[in-house]
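Q: Test case, fold it:
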Amino acid sequence: MFLIGCECGRIQNNHCAYNMAFTYLNYNKYTYRPVERSYKQTVNNQLYTALVQWVKYADITANRAGIICLDKPGMFISVITGLYNKGYIDFYGRQQKNMDTDGLIKKAESVHAVSSRNLKTDNTMSELEKLVVAATEFLYCSVLYEWRGDAEDSDRHLVSGQICDVRSSIIIGNGGVIGG
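A: Residues are numbered from 1 along each chain as shown. Next up, the predicted model:
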């Protein structure tokens, strides 16, 4: 259900045009790309940077949709690390085997315990690990429990969607700047 939720989230949030634009950049050899339309010329650095940053935000959004679809949203880290550890390659051609599930759970809990004002990017984590921890912030977002009235919040202190977005942005390394 998680992967179906992620892909439905991409469709619902109109990610298709940006996803296709990203594939033309030949960013990663494992990325799906229409061979006959592969863009061979140099790409403006600003456009390239904007699309790469957009991909990070799109992943967080898609993961949030997947979290909504999980029977037990709190199992998100176990589900996603299980996929990557089995060799999962995402739409953007990224993969990472040997993700430490328990370590990421502890990392997500310690990151969430830090106030937004003092939150910093942890450059010891891989980009995929940062995305997992950033998406985990959604477990503390009131929006999840508005969508899933049956999910238990375990007496968590819930934050607004906007605070969740800012925290996720800091975790992935954008310094709190919210992208499109």
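
Q: Which residue ranges of this protein form helices?
A: Listed in chain order, the helices found in the chain under DSSP state H are 2-12, 16-23, 45-69, 76-85, 101-112, 127-136, 142-147, 161-172.

Q: out of these, deepest packed?
A: When those are scored by mean count of other C-beta atoms under 10 Å, the highest mean neighbour count falls to helix 127-136 (a mean of 22). C-beta: built from backbone N, CA, C; applies to glycine.

Q: Show me the shaky parts of this structure.
A: Scanning the chain for pLDDT under 70 picks out the ranges 23-43, 153-156, 174-180.

Q: follow-up on the earlier one: of the helices of the chain, which is nearest Gln95?
A: helix 76-85 (6.6 Å; C-beta to C-beta).

Q: got the angle between that closest one and helix 101-112?
A: An angle of 130 degrees separates the directions of helix 76-85 and helix 101-112 when computed by axes from the mean of the first three to the mean of the last three C-alpha atoms, to 10 degrees.

Q: Let me know the distance separating the residue positioned nearest the centre of the chain from Ser169.
A: Within the chain, one residue has its C-alpha closest to the average C-alpha position: by C-alpha atoms, centre = their mean, that is Ile60, at 2.7 Å. Distance of Ile60 to Ser169, given as C-beta to C-beta, to the nearest Å: 9 Å.

Q: to the chain's geometric centre, what's the distance from stretch 80-96?
A: Taking C-alpha atoms, centre = their mean, to the nearest Å, one finds stretch 80-96 lying 12 Å from the centre of the chain it belongs to.

Q: What distance separates the opening and closing residues of that stretch?
A: The first residue of stretch 80-96 is 11 Å away from its last residue (C-alpha to C-alpha, to the nearest Å).

Q: so which of the helices of the chain comes closest to Asn118?
A: Using C-beta to C-beta, the nearest of the helices of the chain to Asn118 is helix 161-172, at 10.0 Å.

Q: Check the burial of Ser115 by counting its neighbours.
A: Ser115: 7 surrounding residues under other C-beta atoms under 10 Å.

Q: pretty sure Gly161 is touching Cys141, no?
A: Yes. A contact is recorded between Gly161 and Cys141 when judged using C-beta atoms under 8 Å, the distance being 5.9 Å.

Q: related to what we said a few turns ago, residues contacting the residue nearest to the centre of the chain?
A: Under the criterion of C-beta atoms under 8 Å, 6 or more residues apart in numbering, the contact list for Ile60 reads 131, 134-135, 168, 172.

Q: Dump those into a markdown table; add distance to Tyr92 as well.
A: Output for the contacts of Ile60, formatted as a markdown table (distance: C-beta to C-beta, whole Å):
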| residue | distance to Tyr92 |
| --- | --- |
| Leu131 | 11 |
| Ala134 | 15 |
| Ala135 | 15 |
| Ser168 | 17 |
| Ile172 | 14 |
